[in-house]
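Generate coordinates for the sequence data below:
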Amino acid sequence: MTQAVGSTRGTSRLEQRWELFHRWGPYALLGIGTALAAGTVSAVGMTRTEVYASGGLVVAALVLQLWWGRAARSRPGPSPAGTAYFALRTAISFALTWMNPLFAFHAVVGYFGSERLVPRRLVTPGLLVTAVTVAGSQSGGLPPRDRTGWMVFGAVLAVNIALLFLFAHLAGLEEERARTQAATIAELERTNTALQQALDENAALHAQLLVQAREAGVADERRRLAAEIHDTLAQGLTGIIAQLQVVAGTPDPAVAREHVARATDLARESLGEARRSVHNLAPVALDRDGLPEALRKTVTSWGERTGVRAGFTTTGTAEPLHEEVAATLLRIAQEALSNTARHAKAGRAGVTLSYIGDEVTLDIRDDGRGFDPRVRPARTGTGGFGLDGMRARAERIAGSLTVESEPGLGTAVSARVPLVRHD
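From the prediction side, this is the model:
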């Protein structure tokens, strides 16, 4: 009974947080977009007319949001008023992004909660319009200025649409799994009802164990999917955007083609990783190579994308590892390198894979700005699975992870796991 109450409270807290986001998120994102756009008026070449027009649209967006904050209380589900609100908000976001790409921060809110506002048949068109707006911002602004700009816009839009369908597919799988689990639990509860008269205490204990098992299974599956998406799609998208930004800023067709090709390869690899994440398979890099070669290619590719001098070294006698051990070490290396690219501002990085007796050690070092490991960083919308995620991966296979860093003196991440050979 206590566990069931705890589960209900946990669900209630989650719903309350989503309600807070739906209520205040649009204001926050509009404020962020407006502040950034105001600071880049000259950089993006906004005319005086566009400045005044964008100011008027910002005021209109605020008025619209204030109206909906009151109207939503009496309209909890899809309604004509909700459809009108969603359409006007999307149109305003598109117009603002047309004048300054940084207003796309306000457009991002269109990805969340559309099913709460509009009928099911209009959800997909609304998400596609949002994807067009965000892709226009990511590719340098609307409308594209030349043929290369259109190519970049098309590629970014394709990635955004592919992610929309992928996330919808994952959400459908999660919803179907939850329905199946709920039906199973309901059937078990009906069966146990007949036994509760004679075995009240045992039945109560049994119900508690079922709830705990369900919560643990759902939580573990969500953590796995969240970590896999973070480690694959998020990093892949970061690389794709970096390549496309280079394309948008170069007049050289040869350079543009080279970076578009890199972005395409990253998109294909991310899609393959997403499919494997759904089926809980090993990383795609380990399909072709052993762990040392997969790490070498990962480090080389990362160095080419980021411009950081990166090297890879193997010590000891390499042995074929169990696929779970190899996948864990590869994911830790990918996440550590991703953190280096995002936060360290490093000039050099090195990865060492060591086979020492009955252990395998993976060390990732950089000469970046470092940080104080005793200070827990605040979670943001761009991460949240960094050090904690790497440590959880290592501990899942009876390993450990340590971090050594000081401000200004770089960072060293070391993972030690048992050497479990491939069967």
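
contacts and neighbour counts: CA atoms only from here.
Fine.

Which secondary structure state does the nearest residue to R391 once chain neighbours are set aside sit in?
Of all residues not flanking R391 in the chain, L401 sits nearest, at 5.3 Å (CA to CA, 6 or more residues apart in numbering). Look at L401: counting by DSSP: H, G, I helix; E, B strand; the rest coil, its state is strand.

Show me the shaky parts of the stretch 301-423 of the chain.
376-385, 423 (pLDDT under 70).

let me redo that: the chain
Across the chain, residues meeting the criterion (pLDDT under 70) sit at 1-12, 14, 73-76, 171-172, 175, 194-195, 198-236, 270-284, 376-385, 423.

can you list the residues that contact stretch 397-417?
Residues outside stretch 397-417 that contact it (CA atoms under 8 Å, 6 or more residues apart in numbering): 325, 329, 336, 344, 346, 359-373, 390-391, 394-395, 418.

Give me the buried subset of the residues you listed.
For these, a burial check counting by 16 or more other CA atoms under 10 Å picks out 325, 329, 336, 344, 346, 360-371, 390-391, 394, 418.

Which ones among the contacts of stretch 397-417 lie within helices?
Among these, the subset assigned to helices under DSSP state H consists of 325, 329, 336, 390-391, 394-395.

Could you save these as CSV and add columns showing distance to A256?
Formatted as CSV, the ones in helices among the contacts of stretch 397-417 follow (distance: CA to CA, whole Å):
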residue, distance to A256
V325, 38
L329, 34
A336, 29
M390, 35
R391, 39
A394, 40
E395, 43
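
tell me which of those residues is nearest to P253?
The closest of these to P253 turns out to be A336 (CA to CA; 33.5 Å).

check contacts around that closest one.
364, 386, 413.

I figured the first one was touching A349, is that so?
Right, the one you point to is I364. Yes: assessed by CA atoms under 8 Å, I364 is found in contact with A349 at 7.3 Å.

Tell me the one among the contacts of A336 nearest to Y111.
Of all the contacts of A336, G386 has the smallest distance to Y111: 24.3 Å, by CA to CA.

Assess the claim that that closest one and N339 are in contact.
Yes: counting by CA under 8 Å, G386 does reach N339; the two are 7.2 Å apart.

neighbours around W67, how many?
For W67, the neighbour count with other CA atoms under 10 Å is 12.

quick one: secondary structure of it?
Counting by three-state DSSP, the backbone at W67 sits in helix.

Begin at 148, not 1, for the rest of this chat.
That works, and once the first residue is 148, the last one we named lands at W214.

And for R521, the neighbour number?
7.

Quick check on it: phi, psi?
When read as degrees, to the nearest 10, the backbone of R521 gives phi -80, psi -20.

show me where the protein has helices.
Taking DSSP H as the criterion, the chain contains helices spanning 149-186, 188-191, 195-218, 227-246, 251-254, 267-285, 294-340, 347-376, 382-395, 400-425, 432-435, 438-453, 470-486, 534-543.

Tell me which of those helices is the most buried.
helix 251-254 (a mean of 27; mean count of other CA atoms under 10 Å).

how much space between the closest residue to R409 other than its chain neighbours and V402?
With CA to CA, 6+ apart as the measure, Q390 is the residue that lies nearest to R409, at 7.0 Å, once sequence neighbours are left out. Q390 sits 10 Å away from V402, going by CA to CA, to the nearest Å.

Quick one: residues contacting the closest residue to W245 other than its chain neighbours.
With CA to CA, 6+ apart as the criterion, W245 has its nearest non-adjacent residue at 5.0 Å, and that residue is L289. For L289, the contacting residues are 244-246, 248, 283, by CA under 8 Å, 6+ apart.
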